[in-house]
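Trainee: only geometry, no sequence info:
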């Protein structure tokens, strides 16, 4: 069964460093999303992406964040200058029809 | 503002017992409704969804959920819990807009523990 994959599974970085989280959505899916889950809190929407542009973004998704689909298969989330409060699990999701968002296993980002 | 409430943070049941996880939403119209499950270290797996029609929906792994418009609820049920059901369960909604695939709004989750 096709699945969304994410790399790395765990990323440790120092405050102020740039990180890129990578996702490979399911191949025929058209809409892509990033969510995050701070430890012990609910899953929060960050951004949605369709047709090579952002469809919607949340208040969390400020100028420090960017997304890209560089090669037609990967979907990346970049954080330019990480803060301690960016420590969270980041989930990528994709959908083709029927609002059924398929989630990846997540990347745990730890900012020290 | 749209919101999803899962009033139970933790639930513990015995294996074989029945289970009901509660979910209430606040939205101007009936949204699309979902239940996801997250096992430790895993991503979110879709259990079931409701868009329209029959208000009792069947999902994977023997789960079902009932949509009650009058109560703005979408409770998840399992007639007989198995030890492998121990996980965190999230209720989510998506606004029913036309022409777009919208973000999911999640509840805080209910962590289920199963006693042997």
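Mentor: Thanks, I have the structure now. Model, not experiment: these values are computed from the prediction. Numbers count the residues shown, from 1 in each chain, chains lettered A, B, ... in the order given.
Trainee: next up, the contacts around the one residue sitting closest to the centre of chain A.
Mentor: Geometric centre of chain A, nearest residue: residue A:34, 3.5 Å, by Cα atoms, centre = their mean. Shown in contact with residue A:34 (Cβ atoms under 8 Å, 6 or more residues apart in numbering or on different chains): A:21, A:23, A:46-47, A:67, A:77, A:90-93. For the C-beta atoms, the positions are set from N, CA and C on the backbone; glycine is no exception.
Trainee: ok so it is a strand residue?
Mentor: Yes: counting by DSSP: H, G, I helix; E, B strand; the rest coil, residue A:34 falls inside a strand.
Trainee: roughly how far apart are it and residue B:102?
Mentor: 14 Å (Cβ to Cβ, to the nearest Å).
Trainee: which ones are touching the closest residue to residue A:24 other than its chain neighbours?
Mentor: Distances taken as Cβ to Cβ, 6 or more residues apart in numbering or on different chains place residue A:5 nearest to residue A:24, at 4.7 Å, with adjacent residues excluded. When contacts are counted by Cβ under 8 Å, 6+ apart, residue A:5 touches A:23-24, A:104-105.
Trainee: interface residues of chain A facing chain B?
Mentor: A:4, A:30-31, A:33, A:35, A:41-45, A:48, A:50, A:55-56, A:58, A:91, A:93, A:95, A:98-106 (Cβ under 8 Å from any Cβ of the partner chain).
Trainee: ok so, going back, farthest-separated two in the contacts of residue A:5?
Mentor: A:24 and A:105 (11.6 Å; Cβ to Cβ).
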